[in-house]
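**Q** I'd like to go over a predicted model; first the sequence, then the structure.
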Amino acid sequence: MRALLSVWDKAGIESFAAGLVDLGWEIVSSGGTARRLAADGIPVLPVELVTGAPELLGHRVVTLHPKIHGGILARRDVPEDLLELAQHGIEPIDLVCVNLYPFASVAGRPGATEAEAVEAIDVGGPAMLRAAAKNFAHVVAVCRPEQYEVVLDELRARGSISLELRRSLASEAFATTASYDAAIARWFGEAEEFPETLTLAFDKVTDLPYGENPHQRAAYYREVGARRHLLSGVDQLGGRALSYNNLADLEGARRVARQFEAPTVVIVKHANPCGVASADTIEEAYARALAADPVSAFGCVLVANRPVTGPLGARIAEHFVEVVEAPGYDEEALAALRAKPALRILREEERRADTPGELDYRRVLGGLLVQERDADLAPPPLEPVAGSPTERQLDDLVFAWQVCRHVASNAIVIARDRQTIGIGAGQMSRVDAVRIALEKAREHGHDLRGAVLASDAFFPFADGPRLALEAGVAAIIQPGGSKRDAEVVAAVEAAGAAMVFTGRRHFRH
């Protein structure tokens, strides 16, 4: 039996090759893999002795030869194939072990040149892997170090590889080459944001306990070639496995938190912020974020942008929190939080911005809706259209606006002193969103006098602003652009309040 081994990632390749040799296999290899195995005392037949041709073009042409691909693709149950092998002196190859040049990591490296990216495109590797996977009825296709022991165990147990395992390995091989080609296509298409053919590839990071509901299966994938993903750089320090809903809420909480430089806590429930506060200390920020809506915070995801101290950890542990994420924890905080066995404790030390040019996808029947990500973190342009907001009000208006853009539309956020005090989310009517935000504020004893209000889109009528103004709201921020803007401005002026337009809408459906 003959195995061809040619790998970029050489982790575990010596033990795999040694295991094959112990079972009587002959090893064919080339380049760095051959040198690595030979240095470890493993007998290797160089590819050039099989092909009778030297490596060409700086290792670009090594295995692209009939004596390699003929040996892989020959069907052992087709007499004509075997006759042709004999006529041309070609030995069958029964196992191909290939992993590919790391194109995605090279192309995604800051400062990588086009020439460097192009040289990282593997040609021979995918060709051999696809050939082996196509001929899975007779050939074993191995593409990941994690498969080595699986293959060796079955060879040791039964002397051959079952058709079931060969088929499974072929499936993984084709998924690997498809993902690899997708990453290359995406790199070539970066100049065209919405190419005619959109090629996407994702690698599984982990299975999830279930989806949005217990009867739905789920997993988390990272996009191939993305510089960062939701769980990169994250350490889980305690608690249960993260769920689908945990991750969705964590994404939403992070998007809000990263907009603020001051100590800030964001509490999210069902993908919407229900309490956000900035303060001079992270402990005060937590107290005010929780006080914003303590009922909705039950079973929340919480993100803090400062390390968690012992006293803060103890206070968080007093409440039912599903996930807490912060850049660090002291030992006293960890002890308090770990006393709640179900609480997922995440540490992310680096505050991450969006990957430049990243797109948003939404699944629809038989297709995708694709758009640019609404990722601009710059302060909004402010056009005063009624009254003159004070400096304190302007700070609160910007704070409310930064939160509002991450609330499901129709969205209304009422804030005071860098604390949300009422949020109306996901309503079909904007005036209903205002009512809910006001009711939330009153329900939890917040003083609406002098508060500010943010709306993610323009007010089509003056009814919503009037409700807020009558309740004591003193300043409003909204995009403007309604046919009835003049009516809305007049209502604000009549109440002696202030209003600014941003000229930019932030729907989030």
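**A** Nice, thanks for sending it over. Residues are numbered from 1 along each chain as shown.
**Q** What strand or helix carries the residue nearest to residue 23 when sequence neighbours are not counted?
**A** Of all residues beyond its chain neighbours, the one nearest residue 23 is residue 155 (5.5 Å), with distances taken as CB to CB, 6 or more residues apart in numbering. In this view, the C-beta of every residue, glycine as well, is placed from N, C-alpha and C. Take DSSP states H and E as the rule and residue 155 turns out to sit in helix 148-158.
**Q** Residues contacting the host helix or strand of residue 274, please?
**A** Counting by DSSP H and E, the element that carries residue 274 is strand 272-278. Residues from elsewhere that reach strand 272-278 (CB atoms under 8 Å, 6 or more residues apart in numbering): 252-253, 256, 260, 262-268, 284-294, 296-297, 300, 399, 403, 406-408, 418-420, 423, 425-426.
**Q** Which is the succeeding secondary structure element to it?
**A** Under the assignment DSSP H and E, the closest C-terminal helix or strand after strand 272-278 is helix 282-292.
**Q** Please work out the angle formed by the directions of that next one and strand 272-278.
**A** Computed with axes from the mean of the first three to the mean of the last three CA atoms, to 10 degrees, the direction of helix 282-292 lies at 140 degrees from that of strand 272-278.
**Q** tally of neighbours for residue 496?
**A** Counted with other CB atoms under 10 Å, the neighbours of residue 496 add up to 10.
**Q** Which strand or helix spans residue 174?
**A** Going by DSSP H and E, residue 174 is part of helix 163-188.
**Q** Could you name the helices and strands sitting against that helix?
**A** On a contact count with 3 or more CB pairs under 8 Å, 6 or more residues apart in numbering; DSSP states H and E, helix 163-188 meets helix 103-107, helix 124-134, strand 140-142, helix 148-158.
**Q** same for the third one, what does it pack against?
**A** Pointing back at strand 140-142 there. strand 95-99, helix 124-134, helix 148-158, helix 163-188.
**Q** The last one too?
**A** Taking 3+ CB pairs under 8 Å, 6+ apart as the contact definition, the neighbouring helices and strands of helix 148-158 are helix 13-22, strand 140-142, helix 163-188.
**Q** Contacts for the second one next, please.
**A** By CB under 8 Å, 6+ apart, the list of residues contacting strand 140-142 from outside reads 94-98, 129, 132-133, 148, 151, 161, 165-166, 169-170, 172-173.
**Q** Using the three-state scheme, assign the residue nearest in space to the middle of the chain.
**A** The centroid of the chain falls nearest to residue 229 when counting by CA atoms, centre = their mean (3.5 Å). Counting by DSSP: H, G, I helix; E, B strand; the rest coil, the backbone at residue 229 sits in coil.
**Q** From residue 256, how far out is it?
**A** Look at residue 229 and residue 256: by CB to CB, to the nearest Å, they are 19 Å apart.
**Q** what about stretch 199-216, start to end distance?
**A** Distances were taken as CA to CA, to the nearest Å; on that basis the terminal residues of stretch 199-216 are 26 Å apart.
**Q** Quickly list what residue 220 is bridged to.
**A** Bridge pairing for residue 220 (DSSP bridges) gives the partners residue 206.
**Q** Correct me if wrong: residue 229 contacts residue 205.
**A** Yes - Residue 229 is within contact range of residue 205, at 7.4 Å (criterion: CB atoms under 8 Å).
**Q** Tell me the buried residues in stretch 231-247?
**A** 231, 234, 238-239, 242-247 (16 or more other CB atoms under 10 Å).
**Q** Identify all contacting residues around that stretch.
**A** Outside stretch 231-247, the residues that touch it by CB under 8 Å, 6+ apart are 205-206, 208-212, 216, 218, 220, 222, 230, 250, 270, 301, 322-323, 325, 329, 334, 337-338, 340-350, 352.
**Q** Tell me where the chain is predicted with low confidence.
**A** Scanning the chain for pLDDT under 70 picks out 56-59, 61, 191, 350-357, 376-377.
**Q** got the residue ranges for the strands in the stretch 401-509 of the chain?
**A** 412-415, 420-424, 452-455, 475-478, 498-501 (DSSP state E, counting those that start in this stretch).
**Q** Mean neighbour count and distance to residue 392 for those - can I get that in CSV?
**A** Output for the strands of the stretch 401-509 of the chain, formatted as CSV (neighbours: other CB atoms under 10 Å; distance: least, CB to CB, whole Å):
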stretch, mean neighbour count, distance to residue 392
strand 412-415, 30, 11
strand 420-424, 29, 15
strand 452-455, 31, 9
strand 475-478, 28, 10
strand 498-501, 24, 12
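**Q** how about the ones you listed in CSV, adding distance to residue 368?
**A** Below are the strands of the stretch 401-509 of the chain laid out as CSV (distance: least, CB to CB, whole Å):
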stretch, distance to residue 368
strand 412-415, 30
strand 420-424, 30
strand 452-455, 29
strand 475-478, 31
strand 498-501, 33
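**Q** Residue 78 is nearest to which of those?
**A** Checking the strands of the stretch 401-509 of the chain against residue 78 by CB to CB gives strand 420-424 as the closest, at 68.4 Å.
**Q** The closest one versus helix 282-292: what angle between them?
**A** Using the same axes, to 10 degrees: strand 420-424 against helix 282-292 is 40 degrees.
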